[in-house]
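Trainee: can't give you the sequence, but here's the structure:
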Ligand SMILES: C[S@@+](CC[C@H](N)C(=O)[O-])C[C@H]1O[C@@H](n2cnc3c(N)ncnc32)[C@H](O)[C@@H]1O
């Protein structure tokens, strides 16, 4: 029921950057925002990337252009259709339509999991489950980039009832149990555009299990 409603909401959204960013003003600053997010990522050369909730592929095509391979997943067919079209000139992409809570992914198969706005649409318990699964999907020393709208909507004047605007501590406390924190911050362009310093991001690294401790 919960995910049927989420899917219903997302199917109503347009398959463009305004739809992806839930913000009609997004066309004015989407390119700068994308560049800023990319600047927080580690070196992607030779990496296998998993992109949950990839949407229309704002990041997928960039990943395909620099990384070894990118797997893009989203539960809205029209978004994945557009994503496939956008990345059609690359041979190193795989696309799936599916709910991230149901997908079957081989353990230790990715170097980077890139999550840009997904956990805020999951229930608390499912966010915890996904945290465990992401850790398993990553290779040893693999990294996770996570970005979520905390405290309020990205454009605070346009909240959505289907999103959970959690405190950033929820994510940090959750992921620090399984990962080490490499860096974190907030998306500066949202401070400038919307006086919002709670578009939070984190770069985590999978903790290598120490058999001696
Ligand atoms: C705010 S958009 C972000 C899209 C993309 N990451 C970006 O930054 O452009 C959120 C995306 O999450 C997808 N989504 C939400 N819940 C999902 C779920 N449970 N499984 C798969 N995709 C989901 C939506 O369809 C939508 O494409």
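Mentor: Perfect, I can see it now. The structure presented is a predicted model; accordingly, all values stated were derived computationally and were not measured.

Trainee: quick one, helices of the chain?
Mentor: 2-12, 17-21, 26-39, 60-66, 77-86, 124-137, 168-175, 188-194 (DSSP state H).

Trainee: okay, the ones you listed in a markdown table with mean pLDDT, mean neighbour count and distance to the ligand next?
Mentor: Glycine gets a C-beta too; all of them are placed from N, C-alpha and C. Formatted as a markdown table, the helices of the chain follow (pLDDT from 0 to 100; neighbours: other CB atoms under 10 Å; distance: least, CB to the nearest ligand atom, whole Å):
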| stretch | mean pLDDT | mean neighbour count | distance to the ligand |
| --- | --- | --- | --- |
| helix 2-12 | 96 | 13 | 4 |
| helix 17-21 | 96 | 19 | 4 |
| helix 26-39 | 97 | 15 | 8 |
| helix 60-66 | 98 | 20 | 9 |
| helix 77-86 | 98 | 18 | 5 |
| helix 124-137 | 98 | 16 | 8 |
| helix 168-175 | 98 | 16 | 16 |
| helix 188-194 | 96 | 17 | 13 |
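
Trainee: So which residue is smack in the middle of the chain?
Mentor: residue 115 (1.8 Å; CA atoms, centre = their mean).

Trainee: per-residue pLDDT, the closest residue to that residue other than its chain neighbours?
Mentor: The spatially closest residue to residue 115, leaving aside those adjacent along the chain, is residue 146, at 4.9 Å (CB to CB, 6 or more residues apart in numbering). pLDDT for residue 146: 98.

Trainee: what does stretch 31-40 rub up against?
Mentor: The contact list for stretch 31-40, computed with CB atoms under 8 Å, 6 or more residues apart in numbering, reads 21, 26, 58-59, 62, 116, 145, 147, 183, 185, 187-190, 201, 203.

Trainee: and if we set it to 7 Å?
Mentor: The contact list for stretch 31-40, computed with CB atoms under 7 Å, 6 or more residues apart in numbering, reads 58, 59, 62, 116, 145, 147, 185, 187, 188, 189, 201, 203.

Trainee: Taking the residues you listed, please make a ChimeraX selection of just the buried ones.
Mentor: The buried residues among the contacts of stretch 31-40 can be selected in ChimeraX (16 or more other CB atoms under 10 Å) with this line:
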select :58,59,62,116,145,147,187,189,201,203
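
Trainee: of the contacts of stretch 31-40, closest to residue 88?
Mentor: residue 62 (14.7 Å; CB to CB).
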